[in-house]
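Participant: need coordinates for the following:
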Amino acid sequence: MSTSSTSRISFLKGHGTENDFVIVPDPDNALALPAPVVARICDRRAGIGADGVLHVVRSAAHPEARDMAAEAEWFMDYRNADGSVAEMCGNGVRVFAHYLQREGLVEQGGLAVATRGGIKQVHIAKDGDITVSMGRALLPEESATVAVGERSWPSRNVNMGNPHAVAFVDDLAHAGDLLSAPPVSPAAVYPEGVNVEFVVDRGPRHVAMRVHERGSGETRSCGTGACAVAVATARRDGADPAVTGLPATYRVDLPGGTLTITEHPDGSVDMTGAAVIVAEGTIDPAWLETATG
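Facilitator: Numbers count the residues shown, from 1 in each chain. Here you go, the predicted structure:
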């Protein structure tokens with residue numbers, strides 16, 4: 001089945017700290033979702049509007065996830081708002097898990113979700129908060145300078161399954177409008193592009209951030225970005241859990257809400273926050289055909 005089929009495509013709309021997604025249930029991986037279709041769906045004026053698409057597929061039915069099917073029944077085939085494929089989306093995983101529970105496909109408690117960034121362990125709490133084990137941060141030695149207008153800052157290179165450049169600034173307004181990607185130099189440090197985070201201190205173990213997500217522009221929240229920020233801040237603060245032997249927990253405020261990030265001595269990073277489903281419906285196939293020509 002392709003997107004030009006006369007069948008209507010079901011969808012839901014959800015968000016995690018206002019990082020919003022169109023959820024497309026497709027257990028058998030029967031839908032073709034080329035980049036122009038995803039971009040049309042995510043268009044905030046001509047489409048449904050979202051920061052990305054969560055394509056819900058059984059791992060066994062997707063060629064990129066079959067080798068993970070024994071450990072994780074469900075694969076989050078995530079797409080950015082411009083239609084490009086992404087390795088991972090932390091807020092997306094929370095919304096993905098909330099959708100699965102809402103539909104009775106999984107129960108409260110532990111859950112494994114397959115992503116292009118590997119298998120992510122999720123815990124759905126009684127109060128509705130969802131914790132995602134985001135894996136370990138990688139800290140490549142190569143770094144880049146981030147610029148906005150005439151200002152520039154050194155950044156910390158943090159990889160959470162996707163690349164991040166974390167810059168500490170005096171004022172979040174210095175990030176500018178973030179309509180276009182802030183230049184990083186040398187660009188070769190991030191050959192596939194990079195998510196750029198601007199961070200200010202709010203108090204002990206408490207920071208605030210803005211982010212430009214590659215392929216999506218500024219978003220209200222970025223889960224992997226919040227994790228990267230917490231890890232970078234812990235290193236700056238001399239609170240590396242591998243050195244201290246103690247977990248480092250940071251409150252990270254984003255435009256869309258607050259996430260709690262904990263890095264453990266073994267290097268694993270947990271992210272906790274809420275997830276919400278706000279609507280569901282069907283996509284008009286005649287409208288969607290205009291995206292495929």
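Participant: and the gap between Val269 and Asp43?
Facilitator: 33 Å (CB to CB, to the nearest Å). Placement of C-beta: from N, CA and C, glycine included.
Participant: which of those two has more residues huddled nearby?
Facilitator: Between Val269 and Asp43, Val269 has the larger neighbour count (other CB atoms under 10 Å), namely 24 against 14.
Participant: which residue is the nearest non-sequential neighbour of that one?
Facilitator: Met134 (4.5 Å; CB to CB, 6 or more residues apart in numbering).
Participant: the one you found against Gly223, yeah?
Facilitator: Yes - contact criterion CB atoms under 8 Å: Met134 and Gly223 qualify, at 7.4 Å.
Participant: show me where this structure has its helices.
Facilitator: 35-42, 90-102, 223-236, 241-244, 285-292 (DSSP state H).
Participant: shared neighbours, Met134 and Gly223?
Facilitator: Each of Gly90, Met271 lies in contact with both Met134 and Gly223 under the rule CB atoms under 8 Å, 6 or more residues apart in numbering.
Participant: sorry, back to before: lowest-confidence stretch among the helices of the chain?
Facilitator: Among the helices of the chain, helix 285-292 carries the lowest mean pLDDT, a mean of 80.
Participant: elements contacting it?
Facilitator: Where contact means 3 or more CB pairs under 8 Å, 6 or more residues apart in numbering; DSSP states H and E, helix 285-292 is packed against helix 35-42.
Participant: OK, contacts around the closest residue to Phe168 other than its chain neighbours?
Facilitator: For Phe168, ignoring the flanking residues on the chain, the nearest one in space by CB to CB, 6+ apart is Val199 at 5.1 Å. Contact analysis of Val199 by CB under 8 Å, 6+ apart lists Val166, Ala167, Phe168, Val169, Val207, Ala208, Met209, Val229, Ala232, Thr233.
Participant: find the nearest non-adjacent residue to the residue nearest in space to the middle of the chain, please.
Facilitator: Closest to where the C-alpha atoms of the chain average out (CA atoms, centre = their mean) is Cys89, at 2.3 Å. Spatially, and ignoring its direct neighbours in sequence, Cys89 is nearest to Tyr78 (5.0 Å; CB to CB, 6+ apart).
Participant: ok, that neighbour - contacts?
Facilitator: The contact partners of Tyr78, by CB under 8 Å, 6+ apart, come to Gly52, Val53, Leu54, His55, Val85, Ala86, Glu87, Met88, Cys89, Gly92, Thr115, Arg116.
Participant: buried ones among these?
Facilitator: Buried by 16 or more other CB atoms under 10 Å: Gly52, Val53, Leu54, His55, Ala86, Glu87, Met88, Cys89, Gly92, Thr115, Arg116, out of the contacts of Tyr78.
Participant: thinking the last one is in contact with Glu87, fair?
Facilitator: Think Arg116. Yes - the criterion here is CB under 8 Å, and Arg116 meets it with Glu87 at 4.3 Å.
Participant: overlap in contacts, those two.
Facilitator: The contact lists of Arg116 and Glu87 share Tyr78, Gly161, where a contact means CB under 8 Å, 6+ apart.
Participant: what stretches of the stretch 151-293 of the chain score poorly on pLDDT?
Facilitator: Within the stretch 151-293 of the chain, the stretches with pLDDT under 70 are 292-293.
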